[in-house]
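> With the sequence up front, the predicted model follows.
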Amino acid sequence: RHHFTSNQSLFSWESVHCDHPRAMAREGFRPALLVVDMQEDFCPPSGTLAVPNARTILPLINHLLSLPTFTLRIATKDWHPPTHISFAPNHSPTTRPFLDTTTITNPLNPQETYTTHLWPIHCLQDTPGASLVPELNTSKLDHIIHKGQNPQVEMYSAFYSPLRNPTISDSGLAKILHSAEITHVYVVGLAADYCVRCTAEDAKMEGFKTYIIEEGTKAVDPEGWEKCKAEIEGKGVKVVSIGGEEVKRL
Ligand code: VGL
Ligand code: ZN
């Protein structure tokens, strides 16, 4: 169903959208909130992969978490072993994080490859950098999903690895959302142009009406956000504002 092009720095779907029949058939309004990767390493001042102004979105995220309307509130954590393929120093001493890319092959299917950015070392399992920021009201969370544990797989999406044929890293998130008969998915967190984007696009693929709340996210590359937003909307995800109908109904 999906195919990754290897000539692009950020991988992208090249596919016809097909919505999940179970979620499509579902009626009513059972929304889930996904809070993506609100971890120290993605936040100033000390994060190794700090997203500009990342901490400023926390009051809105905590407000959303406090709304009684959500059926489920789920946070995700990027959770890498030291050998992770996305870490620039694991490739060569001169590999440049943020600038250089690598081509990754699916360990279970050598035919499948994708090209992706290399990053500074970040979100190492069980380190302070991987912890959720203390401002986040975690008492409201129903689940915390870990992703990116497989050293050979980049996993921006909180659902599964980009190459799903066969699926080599399924976090279990799709099952949790379908089991709770979720109809709508609202995504906030970090980073808008990577994990938020891929998570939202996969939520749409799973058949949920999917929204990114724009004031609840920040991009690694703020300059590129308008173009990125158009690409995300091309996949059927709506990027909405807190003033919009989709948020006001919460
Ligand atoms: C992310 C780069 C590498 C993210 C995770 O959370 O957006 N970005 N790992
Ligand atoms: Zn990562």
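Alright, I've got the coordinates. Ligands and ions are numbered 1, 2, ... in the order given.
> Now Trp56. Nearest residue, chain neighbours left out?
Not Trp; residue 56 is Thr. Lys218 (7.5 Å; C-beta to C-beta, 6 or more residues apart in numbering). For the C-beta atoms, the positions are set from N, CA and C on the backbone; glycine is no exception.
> next structured bit after the helix or strand bottoming out on mean pLDDT in the chain?
Sorted by mean pLDDT, DSSP states H and E, the helices and strands of the chain end with helix 21-25, the least confident at a mean of 64. Using DSSP states H and E, the helix or strand that directly follows helix 21-25 along the chain is strand 31-36.
> So which elements touch that next one?
helix 58-66, strand 72-78, strand 184-190, helix 197-205 (3 or more C-beta pairs under 8 Å, 6 or more residues apart in numbering; DSSP states H and E).
> right, and those - which one's nearest Ile242?
helix 58-66 (6.9 Å; C-beta to C-beta).
> I would like the residues contacting the closest one, please.
By C-beta atoms under 8 Å, 6 or more residues apart in numbering, the surrounding residues in contact with helix 58-66 are 33, 35, 38, 70, 73, 133, 135-137, 140-141, 186, 188-189, 213, 215-216, 242, 250.
> quick one, phi psi at Ile104?
Backbone dihedrals for Ile104, given as degrees, to the nearest 10, come out at phi -110, psi 140.
> Hmm, it is touching His117, no?
No - distance between Ile104 and His117: 11.0 Å, which falls outside the contact criterion (C-beta atoms under 8 Å).
> Identify the residues contacting the residue nearest the centre of the chain.
Computing the C-alpha centroid of the chain and ranking residues by C-alpha atoms, centre = their mean puts Cys195 first, at 2.7 Å. For Cys195, the contact set (C-beta under 8 Å, 6+ apart) comprises 36-37, 76, 78, 156-158, 189.
> can you pull out the helices in this protein?
Using DSSP state H, the helices of the chain run over 21-25, 58-66, 173-179, 197-205, 225-234, 245-248.
> Name the residues of the longest one that come out as buried.
In other words, helix 225-234. 225, 228-229, 231-232 (16 or more other C-beta atoms under 10 Å).
> ok, so of these, who is nearest ligand 1?
Nearest to ligand 1 among the buried residues of helix 225-234: Cys228, at 11.9 Å, using C-beta to the nearest ligand atom.
> Surely that closest one and Pro222 touch.
No - using C-beta under 8 Å, Cys228 makes no contact with Pro222, being 10.0 Å away.
> Output the below-cut-off pLDDT ranges for the chain.
The chain contains residues with pLDDT under 70 at 1-22, 24-26, 165-166.
> still on that earlier bit, the more surrounded of Ile104 and His117?
Ile104 (22 against 19; other C-beta atoms under 10 Å).
> Which strand residues bridge the more buried one?
Tyr114 (DSSP bridges).
> what does the protein put close to ligand 1?
For the chain, the residues in contact with ligand 1 (C-beta under 6 Å from any ligand atom) are 37, 42, 78, 86, 119, 156, 190-191, 194-195.
> okay if I get those residues as a markdown table plus distance to Asp100?
Shown next, in a markdown table, are these (distance: C-beta to C-beta, whole Å):
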| residue | distance to Asp100 |
| --- | --- |
| Asp37 | 22 |
| Phe42 | 20 |
| Asp78 | 19 |
| Ser86 | 11 |
| Trp119 | 10 |
| Tyr156 | 17 |
| Leu190 | 21 |
| Ala191 | 18 |
| Tyr194 | 16 |
| Cys195 | 19 |
